[in-house]
Every structure is written in structure tokens, then in C-alpha cells.
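K.L.:
no sequence for this one, just the structure:
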């Protein structure tokens, strides 16, 4: 892999972090005011993303997926769409946003451990140090400098399952990214993902009052559908073709930092010392895991 391709992969991961960082602000209204039941929202996300990926695949790089790969992709969709999204939304309803955010910081560590257990990557001191430093920075930022957090809700367990599921997904899907175009792979992940989310979403779909959803909420929904679902998964898929799964995972720590920067720029929050320290720790962790590393097969 040449240096330019490696650079583009990291740009894609930064773009994903920015998209998710903006999601904390743009889509917060949709989530907190509950215009859509969480399971209906998930069904909408998966169905819309599957449609967009089919269109993109037909216009861009149409390629048939061999039938013998479908069972493996069904497994990938279970972790990347089914368990991941269903547990996340269900967990949010039973825990606090801070607790959920802290538990989610386990995801990059799970990605690394899963990659090592599946012999897809090698565990190195630099990666261990990077994960620990990055996690410390993310937790410092999320807790606003206070470490007095209690975990006592079953919702925290659901978020942990969500983080674990997404970590496994990043490792499993990487094999497919090596063999087929990213758009083709993600198209099938979301198409097969409908199998897991339709039973949950359809149960609450008749209760949805579409006419009561205001324009500003629709804009937030559009951001989630186009940004955090379609673009984020596509860019992550592209990056996975060229960098290890642990590198994709470590960029998750940038998301709360970018959200804090955007909130500061919009005047929602103020720039404080703990944010600067947290940002420095996060960037140090990303550097150790993704930049300063021993060359290996990706």
C-alpha cells in the first residue's frame, strides 16, 4: 500500500469521526424528543441505507456477490446491524447518555482483542499503550473531568453488548473488504440486516404519527440517514480495505472530542482545560495505534 492510499484511508476515518461528532448535536433533538420509536428509527435507517447502497453499487462498481459468501455476510450483518443497533437504542432508554458514552469507549479495545484472538493482527506494546491513553482521554472528556460515575443499569450491559458487537463487526467485515468493493459488501450487510430489524420495527410502525414530526426533526433524521448511516459505513468500509481493524476502532475516541469542538464553536459549550488535556490524550492514543506502529499485514 502506497503512502497516498494510506493517507486517504486516514482522511476517511477523520471524516467518519466528524460525521459522528456532528451527530451528537444535529440529531440530539430527534433522539431526545422521541418522534420515532427507536426500533422504527432503526428500521428506517437500515432500509434507507440498503436502498442507497444498491443504487450506489449499480451506478459505481456493480459486481455479483457469490452465493457461498451470503451466509458469512448474514453473520456480519447480525453483528454490524442487528445486535449493534438494536442494543444501542434499547440501552439508551435504560441508562444515561454519559454512562452509554463511557461504555462505548470499550469498542476500540474490543476490536483489538478480537483481531488478536482471530489472528488478524498482532498485539504490540504501542497498541496497548495507545488504547489505554485514548480511552483515558475519551472518558475524561465524557465525564467533564469527574471520574465519579456509577454503573448499575441493565442498559449499561446492553451498550456493552452493542460495543462488543460493533467491534466484532469491524474485524469480520475486513476480510470481505479485501475481496470485494466496499459498496458491494456494505450493500449486502444492510440488505441482510433487514432480516434482524424488520420484526422489531414493524411492531411499532403503525403507532408512528408521521404528520406530527416537524421540519427541524426531519432534517435531523436526514442527517442520521445520510451521514451517520450511509456515509459513515461507506467511509469505514473504504478505510478497512487499507488499514487494520484496530486503526478504524481507535478513531472512535475522536468522536466525543470533535463533538466538544463543534459545540464550543457553536457557543453551546466553553473551551476548558480538561478538554485540551483529553484531546491531547486522544490524539496521542490515535498516533500510537495508527501511525507509530510496526508494519504488519492489514
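P.N.:
Received it, and whenever you're ready, just let me know what you need. Predicted model only: the values in this text are computed from it and were never measured.
K.L.:
what is the mean pLDDT for stretch 197-213?
P.N.:
Averaged across stretch 197-213, pLDDT comes to 91.
K.L.:
Which parts of it count as buried, going by neighbours?
P.N.:
For stretch 197-213, burial by neighbour count (16 or more other C-beta atoms under 10 Å) applies to 197, 198, 200, 201, 208, 213. For the C-beta atoms, the positions are set from N, CA and C on the backbone; glycine is no exception.
K.L.:
after the host helix or strand of residue 185, next one along is what?
P.N.:
Following DSSP states H and E, one finds residue 185 within helix 182-204. Moving toward the C-terminus from helix 182-204, the next helix or strand (DSSP H and E) is helix 215-223.
K.L.:
The following helix or strand past that next one relative to helix 182-204, how many degrees between them?
P.N.:
The helix or strand immediately downstream of helix 215-223 is helix 232-240, counting by DSSP H and E. Angle, helix 232-240 to helix 182-204, by axes from the mean of the first three to the mean of the last three C-alpha atoms, to 10 degrees: 150 degrees.
K.L.:
Report the buried residues of helix 232-240.
P.N.:
Neighbour counts over helix 232-240 (16+ other C-beta under 10 Å) mark 232, 233, 234, 235, 236, 237, 238, 239, 240 as buried.
K.L.:
which outside residues touch the helix or strand just after it?
P.N.:
Per DSSP H and E, the first helix or strand lying C-terminal to helix 232-240 is helix 245-250. If you take C-beta atoms under 8 Å, 6 or more residues apart in numbering as the criterion, helix 245-250 is touched by 13, 107-112, 114-115, 120-121, 127, 130-131, 134, 167, 170-171, 174, 236, 239-240, 285-286, 289-290.
K.L.:
Which pair of the buried residues of helix 232-240 spans the longest distance?
P.N.:
Set against one another by C-beta to C-beta, these have their most distant pair in 232 and 240, with a gap of 12.4 Å.
K.L.:
So residue 89 sits against residue 42, correct?
P.N.:
Yes - under the contact definition of C-beta atoms under 8 Å, residue 89 touches residue 42, with a separation of 6.0 Å.
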